[in-house]
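Enquirer: Sequence and predicted structure are below.
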Amino acid sequence: MTTSALDTSPPATQTKSRKRGLKIGWFLVSPSVLLLLLWMVVPLAMTLYFSTIRYNLLYPDEESFVGLENFEYFLTDPGFMPGALNTLTLVGSVLLISVVFGVLISALLEACEFWGRGIVRVMLISPFFIMPTVSALLWKNLIFHPVSGILAAVWKFFGAQPVDWLAQHPLFSIIMIVSWQWLPFAILLLMTAMQSLDQEQKEAARLEGAGPIAIFWHLTLPHLARPIAVVVMIETIFLLSIFAEIFTTTSGGPGFESTNLAYLIYNQALLQFDVGMASAGGLIAVVIANIAALVLIRLIGKSLTDKQ
Amino acid sequence: MADLKVRNLKKAFEGFSIIKGIDLDIHDREFVVFVGPSGCGKSTLLRLIAGLEDVSSGNIELDGKDITEVAPAKRDLAMVFQTYALYPHMTVRKNLSFGLDLSGAPKQEVKDKVENAARILELDPLLERKPKQLSGGQRQRVAIGRAIVRNPKIFLFDEPLSNLDAALRVQMRLELARLHQDLQATMIYVTHDQVEAMTLATKVVVLNSGRVEQVGSPLELYHHPANLFVAGFLGTPTMGFLTGNLGQTAANACEVKLDARANISLPLATALAPGSKVTLGIRPEHINIVPAGEGLLSVTADVSERLGSDTYCHVRSQSGEMLTVRVRGDFAPKFGETLDLSFDTAHCHLFDDSGKAIDKRIQSAA
Ligand SMILES: Nc1ncnc2c1ncn2[C@@H]1O[C@H](COP(=O)(O)OP(=O)(O)OP(=O)(O)O)[C@@H](O)[C@H]1O
Ligand SMILES: [Mg+2]
């Protein structure tokens, strides 16, 4: 009897104190929640608002409500379709390059012992730490330049006419620059993941007659599924908004050949001073990014959440 | 058939000699257990046999064929790892069939072999599961199954039970013994657990810092250790040692003057000169506690460990050496109490200055 009486009393006080704890908790986190709300809600609301008015910095008096007209203009802008396609091509190609080469390079690094491997590792990763503007300028002036670039020298050495890469293959050139920056990120992640592959599994497979290729295919690749998914997710987020590389090299041209959505929005807002349309473009970009994220999560999210 | 011969095998890692010349014969259907302290090179020796490490010198022969340079997969051996090393993203079925699939064996044959192995190990209900969804014991069985499907000449086990809890270890130990019978297989098994070594082996190989100390059946090693190391390594609690000098010797007896102020006459023949340094070894079960004044040796009781069935009394001799005495479970001396001990002289071991056992076959035959 006494024990049951004792048993019942603590829960009551416990729930009370837990309720109070909850209140205090809310109170304590409220500043940061409020800050976050302001941080996100205010700009979003302003963007939403701007996207529905005529707001051109060249004609500051004409701020009238225009409904969805800005969206219509943005979507039917001659730059929109090429911009959207270029964005997809850019993201897709860089992802492909960084995953495929990332896996191959880190597998090779893991497989061979050679003198100076540590230095090679550091060098492979270092492009990631160079600012996008700087690396774009490096590529523009030292590699792609039709007169003084390295590629031009190679072409001349073989007696061929040097190619003006940024003018003739603008999107391809930008893909190269961006891949050069993001491949190291993939290598960094995959290399660390590779090291966590159980050696005994490999030895067991070797005893069962698996060669290096079979081991790579049946053990290493499945082991890398999760880090590859991480690489794809993170890189997608950043690649959707590539801007500096385009700005410093091709300025989106020639025509719209190397314009992506981020650059198009910039173009609208700051070159044509049309804040309303730029806002509409920004919102459309948000929608596209979300669609991409959704598709990605559907495709690879499973390998992230799955316990192996 | 599976006859393995290891001849003068040596292995060095980066200049450090780890395996220092091992000769070993393993015959068909033997269950050979490698035991030894941690770091003595048991795993390395097993991996050399498996081909996972390259030998520095010496050679390995299987059924008269030199396999020293043969690729691991072509040696007709299968290995079970301590961490199981199952392929985590493959189902149990795929884990079992992986090697056969790679070799391009016909589908039906693979299926039959996998199902046969699954039946032997009672894995049938688990075939479609992934390793993560299995318990430790089940994973261990899959790892063994993976070896069985390959129908190897020799099974190699590297501490396969050390990741299991005590109860499961006992169960798997029995299953391994049964498997050895059922498959009529040749097995080499690495462990540092003496109980596994004693219960499973038909032949025990005691290794110490890269050398073979003694080879023999478990009881042979237990009763006739060839040297101090084997004597001290096998048996729990360990054998007690008392130092002393040889007294008078005769054709079938010798006297030992122990530093612990006692003289004991042993039924052993030795060629050593009287006065040479010797060590007497005695197991806990061969020491008796006797009434005061009747004993050979007077000691002070230290702590006691009571296991229920037995009590292990740790005692200190007058020269400070520790001995363990096994007595009935209801007996426990007080700490610091003086006890009198007598020894089963027939079961005393004597070792010379270099640690070699002084042969006692004469007496054991009698
Ligand atoms: N790949 C290696 N490189 C360098 N030294 C090694 C290597 N593998 C083993 N060793 C050394 O060889 C010695 C024997 O190792 P081994 O793994 O054979 O010991 P073991 O008898 O299996 O011990 P345990 O009971 O702890 O498993 C150790 O001192 C270890 O440091
Ligand atoms: Mg080991």
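Expert: In hand now; what should we look at? Ligands and ions are numbered 1, 2, ... in the order given.

Enquirer: switch to C-alpha atoms for all contacts and neighbour counts from now on
Expert: Will do.

Enquirer: wait, what's in contact with the closest residue to residue B:198 other than its chain neighbours?
Expert: Nearest residue to residue B:198, sequence neighbours excluded (C-alpha to C-alpha, 6 or more residues apart in numbering or on different chains): residue B:218, at 5.3 Å. By C-alpha atoms under 8 Å, 6 or more residues apart in numbering or on different chains, the residues touching residue B:218 are B:197-199, B:201-204.

Enquirer: ok, residue B:299 to residue B:290 distance?
Expert: Distance, residue B:299 to residue B:290, using C-alpha to C-alpha, to the nearest Å: 12 Å.

Enquirer: higher neighbour count, the two?
Expert: residue B:299 (24 against 14; other C-alpha atoms under 10 Å in any protein chain shown).

Enquirer: Relative to chain A, how far out is the more buried one?
Expert: As for residue B:299, its distance to chain A is 51 Å (criterion: C-alpha to the nearest C-alpha, to the nearest Å).

Enquirer: ok, then the element right after the helix or strand containing that residue?
Expert: Element membership of residue B:299, judged by DSSP states H and E, is strand B:297-306. Next helix or strand after strand B:297-306 toward the C-terminus (DSSP H and E): strand B:310-316.

Enquirer: residues of that next one that come out buried?
Expert: Neighbour counts over strand B:310-316 (16 or more other C-alpha atoms under 10 Å in any protein chain shown) mark B:310-316 as buried.

Enquirer: Which two of the residues you listed have the greatest separation?
Expert: Farthest pair in these (C-alpha to C-alpha) is B:310 and B:316. Separation: 19.3 Å.

Enquirer: Only the buried subset of the contacts of residue B:218, as a ChimeraX command please.
Expert: Burial among the contacts of residue B:218 is assessed by 16+ other C-alpha under 10 Å; the matching ChimeraX selection reads:
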select /B:197,198,201,202,203,204
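
Enquirer: ok, so of the contacts of residue B:218, who is nearest ligand 1?
Expert: Checking the contacts of residue B:218 against ligand 1 with C-alpha to the nearest ligand atom, the nearest one is residue B:197 at 13.1 Å.

Enquirer: Counting by contacts, list what the host helix or strand of that closest one packs against.
Expert: Element membership for residue B:197 (DSSP H and E) is helix B:194-200. Packing partners of helix B:194-200 (3 or more C-alpha pairs under 8 Å, 6 or more residues apart in numbering or on different chains; DSSP states H and E): strand B:31-35, helix B:166-183, helix B:218-223.

Enquirer: Could you list the buried residues of the second one?
Expert: What that stands for is helix B:166-183. Neighbour counts over helix B:166-183 (16+ other C-alpha under 10 Å) mark B:169, B:172-173, B:176, B:179-180 as buried.

Enquirer: do the last one as well
Expert: Burial within helix B:218-223, assessed by neighbour count using 16+ other C-alpha under 10 Å, is assigned to B:218, B:221-222.

Enquirer: Could I get the average pLDDT for the next helix or strand after that helix?
Expert: As assigned by DSSP H and E, the chain's next helix or strand after helix B:218-223 is helix B:228-233. In this model, helix B:228-233 has an average pLDDT of 93.

Enquirer: List of residues touching helix B:228-233?
Expert: The contact list for helix B:228-233, computed with C-alpha under 8 Å, 6+ apart, reads B:36, B:206, B:213-214, B:221-222, B:225, B:238-240, B:281, B:351, B:355-357.

Enquirer: what does stretch B:24-34 give?
Expert: For stretch B:24-34, using C-alpha under 8 Å, 6+ apart, the contacting residues are B:1-7, B:42, B:180, B:184-191, B:197, B:200-207.

Enquirer: In that stretch, which residues are buried?
Expert: Those would be B:26-34, for stretch B:24-34 by 16+ other C-alpha under 10 Å.

Enquirer: mind listing the helices for the stretch 1-150 of chain A?
Expert: Using DSSP state H, counting those that start in this stretch, the helices of the stretch 1-150 of chain A run over A:2-51, A:69-76, A:80-111, A:117-125, A:132-138, A:150-157.

Enquirer: Redo these as CSV? Include mean pLDDT and distance to residue A:291.
Expert: Below are those laid out as CSV (pLDDT from 0 to 100; distance: least, C-alpha to C-alpha, whole Å):
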stretch, mean pLDDT, distance to residue A:291
helix A:2-51, 72, 18
helix A:69-76, 79, 17
helix A:80-111, 90, 12
helix A:117-125, 88, 31
helix A:132-138, 89, 26
helix A:150-157, 86, 38
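
Enquirer: Nearest to residue A:60, out of those helices?
Expert: Checking the helices of the stretch 1-150 of chain A against residue A:60 by C-alpha to C-alpha gives helix A:2-51 as the closest, at 12.9 Å.

Enquirer: Next, count neighbours for residue 137.
Expert: I'll assume chain A. 18.

Enquirer: Chain B, not that one
Expert: 17.

Enquirer: Beyond the strand or helix carrying it, next helix or strand please.
Expert: If you go by DSSP H and E, residue B:137 is part of helix B:136-148. Next along the chain after helix B:136-148, taking DSSP H and E as the criterion, comes strand B:154-158.

Enquirer: So for the closest residue to ligand 1 within the stretch 101-250 of chain B, what's the pLDDT?
Expert: Per C-alpha to the nearest ligand atom, residue B:192 is where the stretch 101-250 of chain B lies closest to ligand 1, at 5.8 Å. Predicted confidence (pLDDT) for residue B:192: 85.

Enquirer: Equivalent analysis for residue A:238, please.
Expert: Residue-level confidence at residue A:238 comes out at 88, pLDDT.

Enquirer: Please, which helix or strand holds it?
Expert: Using DSSP H and E, residue A:238 maps to helix A:221-239.

Enquirer: Give me the angle between that helix and helix A:80-111.
Expert: On the basis of axes from the mean of the first three to the mean of the last three C-alpha atoms, to 10 degrees, helix A:221-239 is oriented at 140 degrees to helix A:80-111.

Enquirer: Can you name the element that comes right after helix A:221-239?
Expert: The element immediately downstream of helix A:221-239 (helix or strand, assigned by DSSP H and E) is helix A:244-249.

Enquirer: Other residues contacting that following helix?
Expert: Contact with helix A:244-249 is made by A:132-133, A:135-137, A:140, A:166, A:174, A:177-178, A:252, A:258-259, A:263, as judged by C-alpha under 8 Å, 6+ apart.

Enquirer: just the buried members of those?
Expert: For the contacts of helix A:244-249, a burial check counting by 16+ other C-alpha under 10 Å picks out A:132, A:135-137, A:140, A:166, A:174, A:177-178, A:252, A:258-259, A:263.

Enquirer: Closest one of the contacts of helix B:228-233 to chain A?
Expert: Lowest distance from chain A to the contacts of helix B:228-233 (C-alpha to the nearest C-alpha) belongs to residue B:36, with 22.0 Å.

Enquirer: so what's the closest one up against?
Expert: So residue B:36 contacts B:42, B:191-192, B:206-208, B:233 (C-alpha under 8 Å, 6+ apart).

Enquirer: can you pull the contacts of residue B:4?
Expert: So residue B:4 contacts B:24-27, B:60-63 (C-alpha under 8 Å, 6+ apart).

Enquirer: Could you give the residue of the stretch 1-150 of chain A that lies closest to ligand 1?
Expert: residue A:113 (13.8 Å).

Enquirer: Next, format the buried residues of helix B:166-183 as TSV and append distance to residue B:120.
Expert: Converted to TSV, the buried residues of helix B:166-183 look like this (distance: C-alpha to C-alpha, whole Å):
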residue	distance to residue B:120
B:169	18
B:172	13
B:173	15
B:176	11
B:179	8
B:180	12
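
Enquirer: any chance of those in CSV, plus pLDDT?
Expert: Output for these, formatted as CSV (pLDDT from 0 to 100):
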residue, pLDDT
B:169, 88
B:172, 87
B:173, 90
B:176, 90
B:179, 89
B:180, 92
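
Enquirer: If we check chain A, which of those are in contact?
Expert: Cross-checking these against chain A (C-alpha under 8 Å from any C-alpha of the partner chain) gives no overlapping residues.
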